[in-house]
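> All I have is the shape, not the residue letters:
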């Protein structure tokens, strides 16, 4: 399952916003292009990322521009990498023999 992805988007005039793309944006891409978003992302297609970034911005009222007009602003984006260590499922057992094994 594809998780939300956060991006920092910068327009050619230097202005920028942070936006998070999620399920509604991924579905919109698949409906618009009749193609799996996972396939497009695994192929590294620039259009996939640009479309979901634009759609997320449009959906969150961060742009009023349509797809072609927004693309004409020559936006760039960087994916925000959030590193969160997952909590262990169980506490680690101490190294060595257990008191019950003697």
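Great, that's in hand. Because the structure is predicted, anything quoted here is derived from the model rather than measured. Residues are numbered from 1 along each chain as shown.
> contacts, neighbours, all on C-alpha from now
Noted.
> Next one: the residue nearest to residue 54 when sequence neighbours are not counted from residue 48, what distance?
Excluding the flanking residues, the one nearest residue 54 by CA to CA, 6 or more residues apart in numbering is residue 67, at 6.9 Å. Separation of residue 67 from residue 48 (CA to CA, to the nearest Å) stands at 12 Å.
> Pull up the gap between the residue nearest to residue 54 and residue 59, please.
Separation of residue 67 from residue 59 (CA to CA): 12 Å.
> Run a quick neighbour tally on the residue nearest to residue 54.
13 (other CA atoms under 10 Å).
> tell me what the lowest-mean-pLDDT helix or strand in the chain is packed against?
Comparing every helix and strand of the chain by mean pLDDT, DSSP states H and E singles out strand 76-79 as the least confident one, with a mean of 89. Judged by 3 or more CA pairs under 8 Å, 6 or more residues apart in numbering; DSSP states H and E, strand 76-79 is in contact with strand 5-10.
> Give me the contacts around the strand it packs on.
Applying CA atoms under 8 Å, 6 or more residues apart in numbering, the external contacts of strand 5-10 come out as 16-22, 53, 75-81.
> Top of those residues by number of neighbours, please.
residue 53 (27 neighbours).
> can you pull the buried residues of the strand or helix carrying it?
Secondary structure from DSSP states H and E places residue 53 in helix 46-59. By neighbour count on 16 or more other CA atoms under 10 Å, the buried set for helix 46-59 is 48, 49, 50, 51, 52, 53, 54, 55, 56, 57, 58.
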